[in-house]
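Student: here's a sequence, model it:
(one chain, ligands or ions: 1)
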Amino acid sequence: MAINKVVVTGGGVLGTQIGLMSAYYGFDTTFWLRSESSIGRTQPKIDRYSALMLEDLAKAKALVGTPMGAFVYPKGLIRDWKAATAESIDAQIAEAKNNFATKVHIELDLAKALEDADIVIESMTEDPQAKIGMYTAMKDLLPEKTILCTNSSTMLPSTFASYTGCPDRYCALHFANTIWKNNTAEVMGHPGTDPAVYDKVVEFAAQIGMVPLKLYKEQPGYILNSMLVPFLSAAQALWANGVADTETIDLTWRLATGAPAGPFQILDVVGLETAYNINQMKPDAKVEGSLTNRIGALLKEKIDKGETGVNAGKGFYDYRK
Ligand SMILES: NC(=O)c1ccc[n+]([C@@H]2O[C@H](COP(=O)([O-])OP(=O)(O)OC[C@H]3O[C@@H](n4cnc5c(N)ncnc54)[C@H](O)[C@@H]3O)[C@@H](O)[C@H]2O)c1
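Tutor: Model (predicted):
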């Protein structure tokens, strides 16, 4: 079965980006939104993210033939960087403008949105009740052929499979923020996912410019966060225990592994509020004097000063210079 029509439910930060990547690669793409007021919130995101994608393509022209180009070009938007030229990128910009204008649709009527859908990507708020409500509403409207995916970051597809009415055609397809540059797509089934459906989702992810990353079983945090969260926690423990300062910890990591950034540079990109929220979810976060409690206090101190990371201009490092 070829995928022609893509539906994204939820027009937030990630839903918008997923829908735009799908339209960019020529798929007929429908955003299902729940009300007129949702359109008022989603349309500006569509405009903003499509403009950012076109801007990054335009910037990539200056990177052609430079040593840095291969590292920083927008990987989701240009399939073959070695073959890219200023002319080929100009042609892609023209095609992208045309696709954004003709392939993106917004629909408030759920039945109409789902009509003839080949794949539906649920990218609603990370709230189990909102997701269950969405699956229940879609259950009797989904065509027999439709594949259903969730972009949930923290919840497992087996939690929701029984609400979908099509557990065999359901799995997780998890993207990373700014997907046109950070083009990972973690594909994770649940025990009832049909292997043929899983393979189709892997294929679709590649068709929309992602690098599909296959998980063989369910794993909270997928591959990336299963590694990143403990790594960042270990670095924060060294800091909170006064073992070394943050710059030395970063330098150690960069020098010894050849990685371009250390854990505190990564935390500045992630944002200290997110790091704080993850830390506070640990069971001993409120236990006075525990390591988790001390990490929380140190992060809070920086957050209260407005030092929340790259977006704020200052986090562990000062980006205002
Ligand atoms: N933001 C990220 O960096 C990121 C990265 C990967 C995956 N995700 C996942 O993507 C999903 C969406 O995240 P986001 O960051 O785009 O969130 P968001 O808050 O920007 O968007 C959520 C969207 O869901 C809609 N929504 C909420 N409740 C609804 C309901 N009851 N009915 C219909 N629509 C409803 C909202 O109007 C909004 O359009 C979540 O599952 C999240 O875990 C987020």
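
Student: so where's the stretch 1-150 of the chain uncertain?
Tutor: Judged against pLDDT under 70, the stretch 1-150 of the chain has no low-scoring part.

Student: contacts only, for the residue of it found nearest the ligand.
Tutor: Nearest residue of the stretch 1-150 of the chain to the ligand: Gly12, at 1.7 Å (Cβ to the nearest ligand atom). For every residue, glycine as well, the C-beta is placed using N, CA and C. Neighbouring residues of Gly12 by Cβ atoms under 8 Å, 6 or more residues apart in numbering: 42, 45, 123-125.

Student: and the longest helix along the chain, which residues are buried?
Tutor: Longest helix of the chain, by residue count under DSSP state H: helix 36-61. Neighbour counts over helix 36-61 (16 or more other Cβ atoms under 10 Å) mark 38-39, 42, 45-46, 49-50, 52-54, 56-57, 60-61 as buried.

Student: is it anywhere near the ligand?
Tutor: Yes. Helix 36-61 reaches the ligand (Cβ under 6 Å from any ligand atom) through Ser38.

Student: how far off centre is the helix or strand just after that helix?
Tutor: Going down the chain from helix 36-61, the next helix or strand is helix 69-72, by DSSP states H and E. Helix 69-72 sits 20 Å away from the centroid of its parent chain (Cα atoms, centre = their mean, to the nearest Å).

Student: same check, this time on stretch 112-130
Tutor: For stretch 112-130, the separation from the chain centroid amounts to 16 Å (computed by Cα atoms, centre = their mean).

Student: which parts of that stretch are buried?
Tutor: For stretch 112-130, by 16+ other Cβ under 10 Å, it's 113-114, 117-124.

Student: may I ask which two of these are separated the most?
Tutor: Asp118 and Met124 (19.7 Å; Cβ to Cβ).

Student: quick check: the gap between Asn182 and Ala2.
Tutor: Distance of Asn182 to Ala2, given as Cβ to Cβ, to the nearest Å: 27 Å.

Student: between those two, which is the more surrounded one?
Tutor: It is Asn182, of Asn182 and Ala2, that has more neighbours when counted by other Cβ atoms under 10 Å, with 15 against 6.

Student: what about the residue nearest to the more buried one when sequence neighbours are not counted, neighbour count?
Tutor: Nearest non-adjacent residue to Asn182, counting by Cβ to Cβ, 6 or more residues apart in numbering: Ala176, 4.3 Å away. Neighbour count for Ala176, taken as other Cβ under 10 Å: 17.

Student: could you check the pLDDT of Ala234?
Tutor: pLDDT, the model's per-residue confidence, is 97 for Ala234.

Student: gap between it and Ile89?
Tutor: As for Ala234, its distance to Ile89 is 41 Å (criterion: Cβ to Cβ).

Student: these two - which one has more neighbours?
Tutor: Between Ala234 and Ile89, counted using other Cβ under 10 Å, Ile89 has the larger neighbour count: 21 against 12.

Student: let me see the contact set for that one.
Tutor: Listed by Cβ under 8 Å, 6+ apart, the contact set of Ile89 reads 57-58, 60-61, 64, 78.

Student: that one looks like it's in a helix, true?
Tutor: Yes. Counting by DSSP: H, G, I helix; E, B strand; the rest coil, Ile89 is found in a helix.

Student: what sits against the spatially closest residue to it that is not a sequence neighbour?
Tutor: Counting by Cβ to Cβ, 6+ apart, Lys61 is the residue found nearest to Ile89 once chain neighbours are left out, at 5.0 Å. Applying Cβ under 8 Å, 6+ apart to Lys61 gives the contacts 86, 89-90.

Student: cool, Ser153 as well?
Tutor: Here Ser153 is in contact with 126, 174, 225 (criterion: Cβ under 8 Å, 6+ apart).

Student: out of these, who's near the ligand?
Tutor: Okay, of these touching the ligand (Cβ under 6 Å from any ligand atom), that's 126, 174.

Student: make a markdown table out of the contacts of Ser153 and add secondary structure and distance to Ala244.
Tutor: Converted to a markdown table, the contacts of Ser153 look like this (DSSP: H, G, I helix; E, B strand; the rest coil; distance: Cβ to Cβ, whole Å):
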| residue | secondary structure | distance to Ala244 |
| --- | --- | --- |
| Glu126 | coil | 34 |
| His174 | strand | 34 |
| Asn225 | helix | 25 |
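
Student: ok, so of the contacts of Ser153, who is nearest Gly26?
Tutor: His174 (22.9 Å).
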